[in-house]
Structure formats: C-alpha cells, structure tokens
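[1] just coords:
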C-alpha cells in the first residue's frame, strides 16, 4: 500500500509538471483577441501532431480569427473539448509581474489566461500522450476570438459535423470551479447613433437635440427591461432573473452652446434562454420610431456590432450531465449570466455543457490566477470522462 501510494504520488507530481509546462508555454503567447495567433497555433499543432488523425486549421476571415480543429482517434461521435485561447488585454491593469510569464505561489499559478481558459487546455494536452486506444474520437475545437464575440464557434461546430462528430458531447472548458453549467443567457452588442439638427443653444426651438433624444431613448431601453420583469419574463435560476438591457458608453455634442446634432451610445441586450433577441429589439425599435415622430428632423440608427451570441438552454443534456456529474464530487447544475461559445454548439445539434477549472471571478483581472487543485480535479475528470466516452 505504501509503495502504491508513493508511486501514485510521483505520477501525480509528474503530471502536474507536464500541466505546468504546457500552461507556461500557452501563457507565454500574448494571444490578445485580434492579434496574430499564428505562432501559438503553430506550436500547438506541432505538440499534438503525434496523436492526431485530423488537423484542420480554419483561416482567419474578415469576421473571424483563426481556429483549430483536432481529432484523436477515428470514427464518429465521441467527445469534443471546446474553448478559446484568446485573452483580454492587460493594458492599464495593476499586474505585479509579467502577465505573460507563468508564476507559481501559494498553490496557485498566475498569468493572463490561466483560468480563462488556457488551464483547461493545458490539462488536456498533458493527457494526450497517455490516452489508451479509443473506440470513439476525441476532438479539440479551439477558437481565438471568443473574447470579442464568440465568432468562430459556429464554423467550428459546422466543421465538426462535416467530419462526422454528430452525436458527440461538447465540453466547453470555461472556468466554473468544476461545476457543470447547463444554461446561460444570450448577448448582442449594439450601437445607436441619434442624428439631430444643430442650432445655437439660445434658439433651441430651431434645432433637434440628439443628446436630449438619446437620453429619452436610454430611459426607454431601461423601461423595456422593467416591462419584461412586470410581464413575468423571468427565470429564477439566474442571479439576475430577467433579460438585462444596459448602456455602457455614450458620447455626443460639440460645445455647450450648440444644440447637439449627433449622439452615440453603445449598449447590450442579454436575453434569457427562452427569449429571443429579435423580440426584445423590436420593443426598443418601437420607442425609436416614437421619438422620431415626436422630434421632427430626428433620425435614429441602431445596428448590432456583433452577431448574437446564442444562449445555452438547459435541454437535451441529461445523459451528458449524468456522465460528467459521476466524476465530479458534489456537482450541482449552474446557471450563469455571462455568455460563452456553448450556445453555438447546442444550436448545431450537440449536447453541450460548460465545466472548467478556475473561477470566473478571477477572469479578466490583474494577477489572474488558478489553484493547482482545480487543475488536478480537471485532469482527473477529463481522464475519467474520456475513458467512459471514448476509450
């Protein structure tokens, strides 16, 4: 027993060394969304080449960054490990060390992207050399533009189906403290430009203030959110149980004594899984038309700045949830307000769950960190689920 425990401990230590080395290499790539991901994907492709039966690199387009689809083993279905390797910027954040050099202290690893979400893929990379022969394929679907709109997930999902992955379970490894997330809201970012008519501020009747109209429209946007609540459009599983409509940026006007002829604001709609973006957007559009009628000469333009990131619904996941939950102690299904790529995979017909090491509270923060214990738990769960689903 003592000999077995010692050997098991040494094996765990060796595995953590492999995870740390892979994580250090991934963190060293400053893969900020919108930057060149070529060197990182070149390294990753070379690392997995001895184990893959398929490697498809999806090129960048006008709307999407590069993406990578890998298959280990042959056949159809199986298990997809999905996620992203792009990270948010570090400029202006009070880091206490180099964000792109992995640091270890007090049972944690520090560095940009360690929990969101390079840690998950570091765990997967450490397992590849140890995989037994597979009866069903293991897939890695890796995007590089999640942080700016989950742009590549739909085409990765399409590529998976083209290569015979229909029926596979999709495991999105976003940080959830290794708890299974079964649903999240959808999100659409928008920009509204209000065009008014300039005039001297002493002659306000000659102009049409874009700023005043924008203020009324912003109030109307908040009113739509309250109306949805009053109508009972609620889901108590979410900490914010209703759709949220939020204005985050605004600018306009040229001088204090000129009636503003232009005002612009950026805003978002986060809709519940049972709602649609189009239905909520139509309510705001009605308020826009009413303002244009009220203020002659006013014109309002609203356009999405990103495609809608699909919501994830708690549906068609019972078997997948039972399998994953069997290998997670004290697992409880979670609902989250943030959006991920999971909705795109579900829309493509895949049974999809989110579960990964680390906490969303550390994501995007200065001195982002992840506990080594979370990486160990993730690796153990990956090993068990791959064995059950693929081996």
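    Everything's here; your move. These numbers come from a predicted model, not from an experiment. Numbers count the residues shown, from 1 in each chain.
[2] Show me what counts as buried in stretch 22-35.
    Of the residues in stretch 22-35, 22, 23, 24, 25, 26, 27, 28, 29, 30, 31, 32, 33 count as buried by neighbour count, 16 or more other CB atoms under 10 Å. Every residue, glycine included, has its C-beta placed from N, CA and C.
[3] between these, which is nearest residue 85?
    Proximity to residue 85 was ranked across the buried residues of stretch 22-35 by CB to CB; first place goes to residue 31, at 5.5 Å.
[4] State the mean pLDDT of the lengthiest helix in the chain.
    When the chain is scanned for its longest helix (criterion: DSSP state H), the result is helix 2-28. Throughout helix 2-28, pLDDT has a mean value of 83.
[5] Now the element after that helix, going C-ward?
    Where DSSP states H and E defines the elements, the next helix or strand beyond helix 2-28 is helix 38-48.
[6] how distant is that next one from the center of its chain?
    Here helix 38-48 is found 22 Å from its chain centre; the criterion is CA atoms, centre = their mean, to the nearest Å.
[7] what packs against that helix?
    Taking 3 or more CB pairs under 8 Å, 6 or more residues apart in numbering; DSSP states H and E as contact, the helices and strands that helix 38-48 lies on are helix 2-28, strand 54-58, strand 67-72.
[8] out of the buried residues of stretch 22-35, which one sits closest to residue 204?
    Using CB to CB, residue 33 is the member of the buried residues of stretch 22-35 that lies nearest residue 204, at 43.4 Å.
[9] okay, the closest one: pLDDT?
    Per-residue confidence at residue 33 stands at 97 (pLDDT).
[10] How about residue 205?
    Model confidence at residue 205, given as pLDDT, is 87.
[11] And it, how far from residue 229?
    Look at residue 205 and residue 229: by CB to CB, to the nearest Å, they are 38 Å apart.
[12] neighbour-wise, which of the two wins?
    Neighbours around residue 205 and residue 229, counted as other CB atoms under 10 Å, are more numerous at residue 229. The numbers are 13 against 7.
[13] and the more buried one, what is it in contact with?
    Residue 229 sits next to residue 242 when contact means CB atoms under 8 Å, 6 or more residues apart in numbering.
[14] what's the helix or strand for it?
    Element membership for residue 229, per DSSP H and E: helix 210-230.
[15] next SSE after that helix?
    Reading on from helix 210-230 to the C-terminus, the next helix or strand found by DSSP H and E is strand 244-252.
[16] quick one, the lowest-mean-pLDDT helix or strand in the chain and helix 38-48 angle?
    Counting by mean pLDDT, DSSP states H and E, the weakest-scoring helix or strand in the chain turns out to be helix 2-28, with a mean of 83. Using axes from the mean of the first three to the mean of the last three CA atoms, to 10 degrees, the direction of helix 2-28 lies 150 degrees away from that of helix 38-48.
[17] Could I get the buried residue list for helix 2-28?
    By neighbour count with 16+ other CB under 10 Å, helix 2-28 contains the buried residues 15, 18, 19, 20, 22, 23, 24, 25, 26, 27, 28.
[18] Compile those into TSV and extend it with columns for distance to residue 338.
    Supplementary listing: the buried residues of helix 2-28 in TSV, determined by distance: CB to CB, whole Å:
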residue	distance to residue 338
15	30
18	30
19	25
20	27
22	26
23	23
24	27
25	27
26	22
27	22
28	27
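[19] Between those residues, which sits nearest residue 373?
    residue 19 (12.0 Å).
[20] Please list all residues in contact with that closest one.
    122, 123, 125, 126, 375, 379.
[21] nearest to residue 345, of the buried residues of helix 2-28?
    Taking CB to CB as the measure, residue 26 is the one of those closest to residue 345, at 22.1 Å.
[22] ok, now how distant is the closest one from residue 235?
    To residue 235, residue 26 is 35 Å away according to CB to CB.
[23] can you count the residues close to residue 176?
    Number of residues near residue 176 (other CB under 10 Å) recorded here: 21.
[24] go on, residue 350?
    One way to gauge burial is a neighbour count; for residue 350, by other CB under 10 Å, it gives 22.
[25] Quick check: bridge partners of the closest residue to it other than its chain neighbours?
    Using CB to CB, 6 or more residues apart in numbering and skipping the chain neighbours, the partner closest in space to residue 350 is residue 170 (4.4 Å). Each beta-bridge partner of residue 170 is listed here: residue 80, residue 352, as defined by DSSP bridges.
[26] Kindly confirm whether my reading is correct that residue 170 touches residue 345.
    Yes. Residue 170 is in contact with residue 345 according to CB atoms under 8 Å; the separation is 4.4 Å.
[27] Which residues are in contact with each of those two?
    Overlap of the contact sets of residue 170 and residue 345 (by CB under 8 Å, 6+ apart) consists of 80, 82, 352.
[28] How about the contacts made by the last one?
    Listed by CB under 8 Å, 6+ apart, the contact set of residue 352 reads 169, 170, 172, 312, 317, 320, 342, 343, 345, 346.
[29] one more time with 6 Å, if that's ok
    If you count contacts by CB atoms under 6 Å, 6 or more residues apart in numbering, residue 352 has them with 170, 342, 345, 346.
[30] so which of the buried residues of stretch 22-35 comes closest to residue 180?
    Each of these was scored against residue 180 by CB to CB, and residue 23 proved nearest at 22.9 Å.
[31] For that closest one, which non-adjacent residue is closest in space?
    What sits nearest to residue 23 in space, not counting adjacent residues and going by CB to CB, 6+ apart, is residue 122, at 3.9 Å.
[32] give me the element that neighbour is part of.
    With DSSP H and E as the test, residue 122 turns up in helix 119-127.
[33] Can you pull out the residues in contact with that helix?
    With CB under 6 Å, 6+ apart as the contact definition, helix 119-127 has outside contacts at 15, 18-19, 22-23, 81, 83, 173, 356-358, 370, 375, 378-379, 382.
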